[in-house]
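> Predicted model and sequence below, questions to follow.
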Amino acid sequence: MKGLGRRVRQLAARVAYRERAIAAFAIAAAAMITAGLFLAGRGSIFLPSPPVFIISSGPITGMLSSHLSAAGLPAAETAGISAALRKKLNLRRLSPSDEYGVVLSTSGVLVNAYVLKGISRYLVRPADGGYSLEVSSLAVTEETLRVKGAIASSLWESMSASGVPAATILDFADIFSWSIDFLTEVREGDSYEVVYEQRTAENGRSAGRRILAGVYDGKGTGRKRAFRHGAGYYDEKGESLRSLFLRAPLQYRRISSYFTHARRHPILKIVRPHLGIDYAAPTGTPVSSVADGVVTFVGWKGGFGRYVEVKHALGYVTIYGHLHRYAAGLKRGRRVKQGDVIAYVGSTGLSTGPHLDFRIKANGRYVNFLTMKHRSSGGLPVKDKTAFLAEARRLLPSEFD
(Lines give C-alpha, C1' and ligand atoms only; values in the text may rest on other atoms or scores of the structure.)
Protein backbone atom coordinates (compact mmCIF):
# COMPACT_ATOMS: atom_id res chain seq x y z
CA MET A 1 0.00 0.00 0.00
CA LYS A 2 2.89 2.38 0.80
CA GLY A 3 4.34 1.75 -2.70
CA LEU A 4 0.97 2.46 -4.29
CA GLY A 5 0.63 5.70 -2.34
CA ARG A 6 4.11 6.81 -3.42
CA ARG A 7 3.28 6.11 -7.09
CA VAL A 8 0.04 8.09 -6.79
CA ARG A 9 1.94 11.08 -5.33
CA GLN A 10 4.57 10.87 -8.10
CA LEU A 11 1.85 10.79 -10.77
CA ALA A 12 0.12 13.78 -9.18
CA ALA A 13 3.39 15.71 -9.13
CA ARG A 14 3.95 14.99 -12.83
CA VAL A 15 0.43 16.19 -13.67
CA ALA A 16 0.98 19.38 -11.64
CA TYR A 17 4.30 20.00 -13.34
CA ARG A 18 2.69 19.48 -16.75
CA GLU A 19 -0.10 21.93 -15.87
CA ARG A 20 2.43 24.55 -14.73
CA ALA A 21 4.38 24.10 -17.96
CA ILE A 22 1.22 24.52 -20.05
CA ALA A 23 0.31 27.63 -18.06
CA ALA A 24 3.78 29.11 -18.51
CA PHE A 25 3.63 28.42 -22.25
CA ALA A 26 0.20 30.10 -22.43
CA ILE A 27 1.47 33.18 -20.60
CA ALA A 28 4.47 33.45 -22.89
CA ALA A 29 2.27 32.99 -25.97
CA ALA A 30 -0.13 35.64 -24.72
CA ALA A 31 2.76 38.03 -24.20
CA MET A 32 4.02 37.43 -27.72
CA ILE A 33 0.49 37.95 -29.12
CA THR A 34 0.21 41.19 -27.16
CA ALA A 35 3.50 42.34 -28.58
CA GLY A 36 2.34 41.45 -32.08
CA LEU A 37 -0.91 43.36 -31.67
CA PHE A 38 0.93 46.40 -30.30
CA LEU A 39 3.40 46.15 -33.17
CA ALA A 40 0.61 45.93 -35.74
CA GLY A 41 -1.41 48.73 -34.15
CA ARG A 42 1.36 51.26 -33.59
CA GLY A 43 4.05 50.39 -36.10
CA SER A 44 7.53 49.01 -35.54
CA ILE A 45 8.86 52.26 -34.18
CA PHE A 46 8.73 51.06 -30.58
CA LEU A 47 9.71 47.38 -30.90
CA PRO A 48 12.81 45.88 -32.46
CA SER A 49 12.63 42.49 -34.16
CA PRO A 50 11.22 39.62 -32.00
CA PRO A 51 11.65 38.12 -29.51
CA VAL A 52 10.53 41.05 -27.32
CA PHE A 53 7.23 41.95 -25.65
CA ILE A 54 5.62 44.89 -23.89
CA ILE A 55 5.63 44.51 -20.15
CA SER A 56 3.70 47.67 -19.38
CA SER A 57 2.10 50.58 -21.25
CA GLY A 58 -0.75 53.00 -20.73
CA PRO A 59 -1.75 56.50 -19.59
CA ILE A 60 0.48 58.30 -17.10
CA THR A 61 -1.85 58.56 -14.11
CA GLY A 62 0.75 59.42 -11.48
CA MET A 63 4.52 59.75 -11.22
CA LEU A 64 6.27 58.26 -14.25
CA SER A 65 8.80 56.60 -11.93
CA SER A 66 5.95 54.68 -10.27
CA HIS A 67 4.91 53.25 -13.64
CA LEU A 68 8.49 52.28 -14.47
CA SER A 69 8.91 50.57 -11.10
CA ALA A 70 5.59 48.75 -11.51
CA ALA A 71 6.86 47.45 -14.85
CA GLY A 72 9.64 45.67 -12.95
CA LEU A 73 12.54 48.03 -13.54
CA PRO A 74 15.02 48.38 -10.66
CA ALA A 75 15.41 51.74 -8.94
CA ALA A 76 18.73 52.52 -10.64
CA GLU A 77 17.28 51.90 -14.09
CA THR A 78 14.17 53.94 -13.30
CA ALA A 79 16.37 56.84 -12.15
CA GLY A 80 18.54 56.60 -15.28
CA ILE A 81 15.55 56.65 -17.64
CA SER A 82 13.98 59.60 -15.77
CA ALA A 83 17.25 61.55 -15.90
CA ALA A 84 17.53 61.01 -19.67
CA LEU A 85 13.94 62.15 -20.24
CA ARG A 86 14.42 65.30 -18.15
CA LYS A 87 16.90 66.61 -20.73
CA LYS A 88 13.98 67.38 -23.07
CA LEU A 89 10.80 66.79 -21.06
CA ASN A 90 9.30 68.28 -17.89
CA LEU A 91 8.19 65.14 -16.05
CA ARG A 92 6.09 67.21 -13.62
CA ARG A 93 3.79 68.23 -16.46
CA LEU A 94 2.87 64.73 -17.59
CA SER A 95 -0.83 63.84 -17.36
CA PRO A 96 -3.26 61.00 -18.14
CA SER A 97 -3.45 62.30 -21.72
CA ASP A 98 0.20 61.24 -22.10
CA GLU A 99 1.38 57.62 -22.46
CA TYR A 100 4.35 55.58 -21.32
CA GLY A 101 5.72 52.19 -22.35
CA VAL A 102 8.45 49.78 -21.28
CA VAL A 103 9.88 47.12 -23.63
CA LEU A 104 11.88 44.21 -22.21
CA SER A 105 13.54 41.31 -23.94
CA THR A 106 12.43 37.77 -23.13
CA SER A 107 15.34 37.59 -20.68
CA GLY A 108 14.08 40.66 -18.82
CA VAL A 109 16.67 43.10 -20.17
CA LEU A 110 15.49 46.65 -20.97
CA VAL A 111 15.19 47.27 -24.71
CA ASN A 112 13.68 50.74 -24.47
CA ALA A 113 11.24 52.94 -22.59
CA TYR A 114 9.19 55.73 -24.11
CA VAL A 115 6.81 58.60 -23.39
CA LEU A 116 4.24 59.90 -25.87
CA LYS A 117 3.23 63.52 -25.30
CA GLY A 118 1.03 64.98 -28.00
CA ILE A 119 2.65 63.97 -31.26
CA SER A 120 6.15 63.85 -29.74
CA ARG A 121 7.86 60.56 -28.88
CA TYR A 122 10.66 60.47 -26.28
CA LEU A 123 12.52 57.16 -26.65
CA VAL A 124 15.18 56.06 -24.13
CA ARG A 125 17.60 53.17 -24.78
CA PRO A 126 20.51 51.74 -22.80
CA ALA A 127 23.78 53.00 -24.34
CA ASP A 128 27.45 52.88 -23.28
CA GLY A 129 26.71 52.20 -19.63
CA GLY A 130 24.09 54.95 -19.55
CA TYR A 131 20.96 55.94 -21.48
CA SER A 132 20.42 57.75 -24.78
CA LEU A 133 17.37 59.88 -25.61
CA GLU A 134 15.84 60.20 -29.06
CA VAL A 135 13.05 62.73 -29.69
CA SER A 136 10.89 62.43 -32.80
CA SER A 137 7.40 63.18 -34.04
CA LEU A 138 4.67 60.69 -34.81
CA ALA A 139 3.39 60.67 -38.37
CA VAL A 140 0.15 62.67 -38.67
CA THR A 141 -2.67 62.34 -41.17
CA GLU A 142 -5.16 65.14 -41.88
CA GLU A 143 -8.83 64.80 -42.79
CA THR A 144 -11.42 67.49 -43.51
CA LEU A 145 -14.83 66.77 -41.98
CA ARG A 146 -18.16 68.51 -42.58
CA VAL A 147 -21.14 68.34 -40.22
CA LYS A 148 -24.60 69.93 -40.65
CA GLY A 149 -27.47 69.90 -38.21
CA ALA A 150 -30.46 71.60 -36.64
CA ILE A 151 -30.90 72.78 -33.07
CA ALA A 152 -33.29 70.69 -30.99
CA SER A 153 -32.51 72.08 -27.53
CA SER A 154 -29.03 73.60 -27.36
CA LEU A 155 -25.99 73.99 -29.59
CA TRP A 156 -23.99 71.66 -27.35
CA GLU A 157 -26.50 68.81 -27.37
CA SER A 158 -27.24 69.06 -31.09
CA MET A 159 -23.60 69.16 -32.19
CA SER A 160 -22.63 66.41 -29.73
CA ALA A 161 -25.40 64.18 -31.11
CA SER A 162 -23.93 64.71 -34.59
CA GLY A 163 -20.52 63.52 -33.43
CA VAL A 164 -18.75 66.88 -33.27
CA PRO A 165 -15.94 66.71 -30.65
CA ALA A 166 -16.44 68.73 -27.47
CA ALA A 167 -13.42 70.96 -28.11
CA THR A 168 -14.69 71.80 -31.60
CA ILE A 169 -18.13 72.76 -30.22
CA LEU A 170 -16.47 75.15 -27.78
CA ASP A 171 -14.33 76.59 -30.57
CA PHE A 172 -17.43 77.09 -32.75
CA ALA A 173 -19.21 78.97 -29.96
CA ASP A 174 -16.10 81.04 -29.28
CA ILE A 175 -15.67 82.04 -32.95
CA PHE A 176 -19.22 83.43 -33.09
CA SER A 177 -19.25 84.78 -29.52
CA TRP A 178 -18.92 88.40 -30.69
CA SER A 179 -22.12 88.20 -32.74
CA ILE A 180 -24.19 85.44 -31.10
CA ASP A 181 -25.08 84.87 -27.45
CA PHE A 182 -25.48 81.09 -27.41
CA LEU A 183 -27.01 81.22 -23.92
CA THR A 184 -29.99 83.38 -24.85
CA GLU A 185 -30.33 83.60 -28.65
CA VAL A 186 -30.45 79.93 -29.67
CA ARG A 187 -33.87 78.72 -30.85
CA GLU A 188 -35.25 75.32 -31.78
CA GLY A 189 -34.97 74.87 -35.54
CA ASP A 190 -31.86 77.04 -35.94
CA SER A 191 -29.26 75.35 -38.14
CA TYR A 192 -25.48 75.11 -38.26
CA GLU A 193 -22.69 73.81 -40.46
CA VAL A 194 -19.07 73.33 -39.47
CA VAL A 195 -16.07 72.33 -41.58
CA TYR A 196 -13.06 71.29 -39.52
CA GLU A 197 -9.71 69.66 -39.98
CA GLN A 198 -9.01 66.53 -37.90
CA ARG A 199 -5.36 65.57 -37.37
CA THR A 200 -4.66 62.00 -36.20
CA ALA A 201 -1.29 60.63 -35.07
CA GLU A 202 -0.10 57.17 -36.12
CA ASN A 203 -0.97 55.74 -32.70
CA GLY A 204 -4.63 56.60 -33.30
CA ARG A 205 -4.83 59.57 -30.93
CA SER A 206 -6.01 63.03 -31.90
CA ALA A 207 -3.23 65.43 -32.83
CA GLY A 208 -5.50 68.46 -32.85
CA ARG A 209 -8.40 69.99 -34.70
CA ARG A 210 -9.17 73.39 -36.13
CA ILE A 211 -12.30 74.87 -37.63
CA LEU A 212 -11.88 76.00 -41.23
CA ALA A 213 -15.36 77.42 -41.77
CA GLY A 214 -18.74 77.58 -40.08
CA VAL A 215 -22.29 78.87 -40.49
CA TYR A 216 -25.02 79.55 -37.93
CA ASP A 217 -28.50 80.45 -39.17
CA GLY A 218 -30.88 81.47 -36.38
CA LYS A 219 -34.33 82.99 -36.06
CA GLY A 220 -33.00 85.67 -33.74
CA THR A 221 -29.45 85.97 -35.04
CA GLY A 222 -29.76 85.87 -38.81
CA ARG A 223 -27.23 83.97 -40.89
CA LYS A 224 -23.65 84.29 -39.66
CA ARG A 225 -20.59 82.92 -41.46
CA ALA A 226 -16.98 82.39 -40.42
CA PHE A 227 -13.88 81.50 -42.42
CA ARG A 228 -10.41 80.92 -41.06
CA HIS A 229 -7.52 83.02 -42.39
CA GLY A 230 -4.19 82.98 -40.61
CA ALA A 231 -4.89 82.97 -36.89
CA GLY A 232 -8.27 84.73 -37.13
CA TYR A 233 -11.81 84.30 -38.45
CA TYR A 234 -13.59 86.58 -40.92
CA ASP A 235 -17.02 86.88 -42.47
CA GLU A 236 -17.79 86.40 -46.17
CA LYS A 237 -16.63 89.98 -46.88
CA GLY A 238 -13.29 89.58 -45.12
CA GLU A 239 -14.30 91.55 -42.02
CA SER A 240 -13.02 90.23 -38.70
CA LEU A 241 -15.58 88.46 -36.50
CA ARG A 242 -13.76 89.77 -33.48
CA SER A 243 -15.52 92.89 -32.22
CA LEU A 244 -14.15 95.65 -30.07
CA PHE A 245 -16.40 94.34 -27.24
CA LEU A 246 -17.57 90.92 -26.05
CA ARG A 247 -21.31 90.30 -26.24
CA ALA A 248 -21.47 90.03 -22.44
CA PRO A 249 -18.94 90.22 -19.60
CA LEU A 250 -19.98 86.87 -18.06
CA GLN A 251 -22.00 83.69 -18.37
CA TYR A 252 -25.34 84.76 -16.91
CA ARG A 253 -28.75 83.26 -16.13
CA ARG A 254 -30.91 86.22 -17.08
CA ILE A 255 -30.99 90.02 -17.26
CA SER A 256 -32.75 91.26 -14.14
CA SER A 257 -32.69 95.00 -14.99
CA TYR A 258 -32.24 96.85 -18.28
CA PHE A 259 -30.87 100.25 -19.21
CA THR A 260 -33.50 102.90 -18.42
CA HIS A 261 -33.79 106.52 -17.36
CA ALA A 262 -36.61 105.75 -14.91
CA ARG A 263 -36.52 102.67 -12.67
CA ARG A 264 -37.94 102.21 -9.19
CA HIS A 265 -34.94 101.24 -7.06
CA PRO A 266 -35.69 97.91 -5.29
CA ILE A 267 -34.07 99.06 -2.01
CA LEU A 268 -34.37 102.86 -1.95
CA LYS A 269 -37.97 102.71 -3.31
CA ILE A 270 -37.46 105.82 -5.41
CA VAL A 271 -37.55 106.30 -9.18
CA ARG A 272 -34.17 107.13 -10.70
CA PRO A 273 -32.15 106.23 -13.80
CA HIS A 274 -30.51 102.79 -14.08
CA LEU A 275 -27.83 103.41 -16.69
CA GLY A 276 -26.55 99.87 -16.92
CA ILE A 277 -27.43 96.20 -17.33
CA ASP A 278 -27.94 93.87 -14.36
CA TYR A 279 -26.85 90.33 -15.20
CA ALA A 280 -28.18 87.82 -12.65
CA ALA A 281 -25.65 85.04 -11.94
CA PRO A 282 -24.51 82.92 -8.99
CA THR A 283 -22.02 84.36 -6.52
CA GLY A 284 -18.50 83.62 -7.69
CA THR A 285 -19.27 83.62 -11.43
CA PRO A 286 -16.19 84.96 -13.27
CA VAL A 287 -16.50 88.48 -14.72
CA SER A 288 -14.38 89.34 -17.78
CA SER A 289 -13.22 92.61 -19.27
CA VAL A 290 -15.27 93.13 -22.43
CA ALA A 291 -12.32 94.70 -24.26
CA ASP A 292 -8.60 95.40 -24.05
CA GLY A 293 -7.87 98.24 -21.66
CA VAL A 294 -6.25 99.59 -18.51
CA VAL A 295 -7.74 99.25 -15.01
CA THR A 296 -8.35 102.74 -13.59
CA PHE A 297 -10.16 101.90 -10.33
CA VAL A 298 -10.36 98.90 -7.96
CA GLY A 299 -12.14 99.26 -4.64
CA TRP A 300 -15.33 100.09 -2.77
CA LYS A 301 -17.60 102.69 -4.34
CA GLY A 302 -20.79 103.52 -2.40
CA GLY A 303 -23.89 101.67 -3.53
CA PHE A 304 -21.89 99.76 -6.15
CA GLY A 305 -20.00 97.92 -3.40
CA ARG A 306 -16.84 96.33 -4.71
CA TYR A 307 -16.22 98.00 -8.04
CA VAL A 308 -13.85 97.91 -11.03
CA GLU A 309 -13.45 100.47 -13.81
CA VAL A 310 -11.54 99.86 -17.06
CA LYS A 311 -10.56 102.44 -19.67
CA HIS A 312 -10.55 101.31 -23.33
CA ALA A 313 -9.65 102.73 -26.73
CA LEU A 314 -11.84 105.22 -28.62
CA GLY A 315 -13.09 106.91 -25.44
CA TYR A 316 -14.90 103.95 -23.89
CA VAL A 317 -14.96 103.12 -20.16
CA THR A 318 -16.61 100.03 -18.62
CA ILE A 319 -17.84 99.64 -15.03
CA TYR A 320 -18.40 96.44 -13.02
CA GLY A 321 -20.30 96.69 -9.71
CA HIS A 322 -21.58 94.64 -6.70
CA LEU A 323 -18.58 92.30 -7.00
CA HIS A 324 -17.85 89.52 -4.52
CA ARG A 325 -14.09 89.73 -4.95
CA TYR A 326 -11.40 90.80 -7.43
CA ALA A 327 -9.14 88.63 -9.54
CA ALA A 328 -5.74 87.94 -8.00
CA GLY A 329 -3.28 90.72 -8.71
CA LEU A 330 -5.84 93.15 -10.11
CA LYS A 331 -4.86 96.75 -9.38
CA ARG A 332 -4.98 100.22 -10.84
CA GLY A 333 -2.77 100.58 -13.91
CA ARG A 334 -2.87 96.92 -14.86
CA ARG A 335 -3.42 96.20 -18.56
CA VAL A 336 -6.10 93.64 -19.35
CA LYS A 337 -7.02 91.78 -22.52
CA GLN A 338 -10.50 91.15 -23.84
CA GLY A 339 -11.84 88.11 -21.97
CA ASP A 340 -9.44 88.36 -19.01
CA VAL A 341 -11.17 87.56 -15.70
CA ILE A 342 -11.05 90.69 -13.54
CA ALA A 343 -13.52 89.87 -10.74
CA TYR A 344 -16.35 87.60 -9.53
CA VAL A 345 -20.10 88.17 -9.19
CA GLY A 346 -21.34 89.17 -5.75
CA SER A 347 -24.00 91.20 -3.94
CA THR A 348 -22.03 93.96 -2.22
CA GLY A 349 -23.31 97.51 -1.78
CA LEU A 350 -27.01 98.27 -2.39
CA SER A 351 -28.04 94.93 -3.85
CA THR A 352 -30.95 92.52 -3.42
CA GLY A 353 -29.08 89.44 -4.67
CA PRO A 354 -26.02 88.24 -6.59
CA HIS A 355 -25.67 89.99 -9.94
CA LEU A 356 -23.30 92.14 -11.99
CA ASP A 357 -24.20 95.79 -12.55
CA PHE A 358 -22.41 96.46 -15.85
CA ARG A 359 -22.20 99.93 -17.40
CA ILE A 360 -20.40 101.52 -20.31
CA LYS A 361 -19.55 105.12 -21.15
CA ALA A 362 -18.73 106.50 -24.59
CA ASN A 363 -16.81 109.78 -24.33
CA GLY A 364 -18.13 110.35 -20.81
CA ARG A 365 -21.78 109.53 -21.57
CA TYR A 366 -23.56 106.35 -20.45
CA VAL A 367 -24.89 104.28 -23.38
CA ASN A 368 -27.04 101.16 -23.63
CA PHE A 369 -24.64 98.25 -24.11
CA LEU A 370 -27.40 95.99 -25.47
CA THR A 371 -28.36 98.32 -28.31
CA MET A 372 -25.03 99.92 -29.22
CA LYS A 373 -23.46 98.85 -32.50
CA HIS A 374 -20.42 96.67 -31.85
CA ARG A 375 -17.51 97.58 -34.07
CA SER A 376 -15.40 95.01 -35.88
CA SER A 377 -11.77 94.99 -34.86
CA GLY A 378 -10.76 95.28 -38.55
CA GLY A 379 -10.72 93.57 -41.93
CA LEU A 380 -8.27 91.78 -44.20
CA PRO A 381 -5.84 93.83 -46.28
CA VAL A 382 -6.97 94.24 -49.90
CA LYS A 383 -4.00 92.17 -51.10
CA ASP A 384 -5.21 89.12 -49.10
CA LYS A 385 -8.90 89.23 -50.01
CA THR A 386 -8.71 87.46 -53.40
CA ALA A 387 -7.03 84.36 -51.94
CA PHE A 388 -9.31 84.49 -48.88
CA LEU A 389 -12.51 84.57 -50.95
CA ALA A 390 -11.31 81.75 -53.21
CA GLU A 391 -10.68 79.51 -50.18
CA ALA A 392 -14.00 80.54 -48.59
CA ARG A 393 -15.89 79.54 -51.76
CA ARG A 394 -14.08 76.21 -51.82
CA LEU A 395 -15.02 75.42 -48.22
CA LEU A 396 -18.66 76.59 -48.35
CA PRO A 397 -19.64 77.00 -52.01
CA SER A 398 -23.37 77.18 -51.20
CA GLU A 399 -22.81 80.42 -49.27
CA PHE A 400 -21.69 82.19 -52.45
CA ASP A 401 -24.32 80.95 -54.92
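That came through fine. Residues are numbered from 1 along each chain as shown.
> How about stretch 281-288, which residues are buried there?
Across stretch 281-288, burial judged by 16 or more other C-beta atoms under 10 Å covers 281, 285, 287-288. For the C-beta atoms, the positions are set from N, CA and C on the backbone; glycine is no exception.
> From start to finish, how long is it in a straight line?
13 Å (C-alpha to C-alpha, to the nearest Å).
> Where does pLDDT dip in the protein?
1-54, 261-272, 375-377 (pLDDT under 70).
> all helices for it, in order.
2-42, 64-70, 75-86, 155-161, 166-175, 382-395 (DSSP state H).
> Show me what the fourth one is packed up against.
Contacting helix 155-161 under the criterion 3 or more C-beta pairs under 8 Å, 6 or more residues apart in numbering; DSSP states H and E are the following elements: strand 140-150, helix 166-175, strand 191-201.
> what comes up buried for it?
Buried residues in helix 155-161, counted by 16+ other C-beta under 10 Å: 155-156, 158-159.
> Can you give me the domain boundaries for the chain?
27-137, 141-234, 254-367 (automatic domain parsing).
> if we can go back for a sec, of the helices and strands packed on helix 155-161, which is nearest Trp300?
Nearest to Trp300 among the helices and strands packed on helix 155-161 is helix 166-175 (33.8 Å), distances taken as C-beta to C-beta.
> Can you name every helix or strand that that closest one contacts?
Looks like helix 166-175 contacts helix 155-161, strand 191-201, strand 206-218 (3+ C-beta pairs under 8 Å, 6+ apart).
> how about the ones you listed in TSV, adding distance to Thr348?
Formatted as TSV, the helices and strands packed on helix 166-175 follow (distance: least, C-beta to C-beta, whole Å):
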stretch	distance to Thr348
helix 155-161	33
strand 191-201	40
strand 206-218	36
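> quick one: which of these is nearest Leu183?
helix 155-161 (9.7 Å).
> List the contacts of the closest one.
Outside helix 155-161, the residues that touch it by C-beta atoms under 8 Å, 6 or more residues apart in numbering are 147, 149-152, 166, 168-169, 172-173, 182, 186, 192, 194.
> farthest pair in these?
Ala150 and Ala166 (19.5 Å).
> related to what we said a few turns ago, wait, which of the buried residues of stretch 281-288 is closest to Leu241?
Once C-beta to C-beta is applied, the member of the buried residues of stretch 281-288 that ends up nearest Leu241 is Ser288, at 17.7 Å.
> residues in contact with that closest one?
Ser288 sits next to 246, 249-250, 338-342 when contact means C-beta under 8 Å, 6+ apart.
> So which of these wins on neighbours?
Among the contacts of Ser288, Pro249 has the most neighbours (other C-beta atoms under 10 Å), with 26 neighbours.
> Next, count neighbours for Arg365.
9.
> Give me the spatial nearest neighbour of the residue nearest to the spatial centre of the chain, chain neighbours excluded.
Most central in the chain under C-alpha atoms, centre = their mean is Ala167, positioned 5.7 Å from the mean C-alpha point. Among residues not flanking Ala167 along the chain, Arg209 sits closest, at 6.5 Å (C-beta to C-beta, 6 or more residues apart in numbering).
> Over to Gly353?
Once flanking residues are discounted, Gly353 sits nearest to Ser347: 5.7 Å by C-beta to C-beta, 6+ apart.
> backbone phi and psi for that neighbour, please?
Backbone torsions of Ser347, given as degrees, to the nearest 10, read phi -150, psi 40.
> same thing with Thr221?
phi -110, psi -20.
> what residues are up against it?
Thr221 touches 179-180, 185, 190, counting by C-beta under 8 Å, 6+ apart.
> Equivalent analysis for Gly303, please.
So Gly303 contacts 349-350 (C-beta under 8 Å, 6+ apart).
> And it, how close does it get to Tyr258?
Distance, Gly303 to Tyr258, by C-beta to C-beta, to the nearest Å: 18 Å.
> Next: Asp171.
31 Å.
> neighbour-wise, which of these two wins?
Neighbours of Asp171 and Tyr258, each counted by other C-beta under 10 Å, are more numerous for Asp171; the result is 19 against 13.
> out of everything not next to it in sequence, what's closest to that one?
Ile211 (5.4 Å).
> Kindly report the same for Lys237.
Nearest one to Lys237, counting by C-beta to C-beta, 6+ apart, is Gly379 at 7.5 Å.
> Neighbours of the residue nearest to Phe400 when sequence neighbours are not counted, how many?
Excluding the flanking residues, the one nearest Phe400 by C-beta to C-beta, 6+ apart is Arg393, at 4.9 Å. Counted by other C-beta under 10 Å, the residues lying close to Arg393 total 15.
> Same question for Arg228.
Arg228, neighbours per other C-beta under 10 Å, totals 21.
> what bridges to it?
Tyr233 (DSSP bridges).
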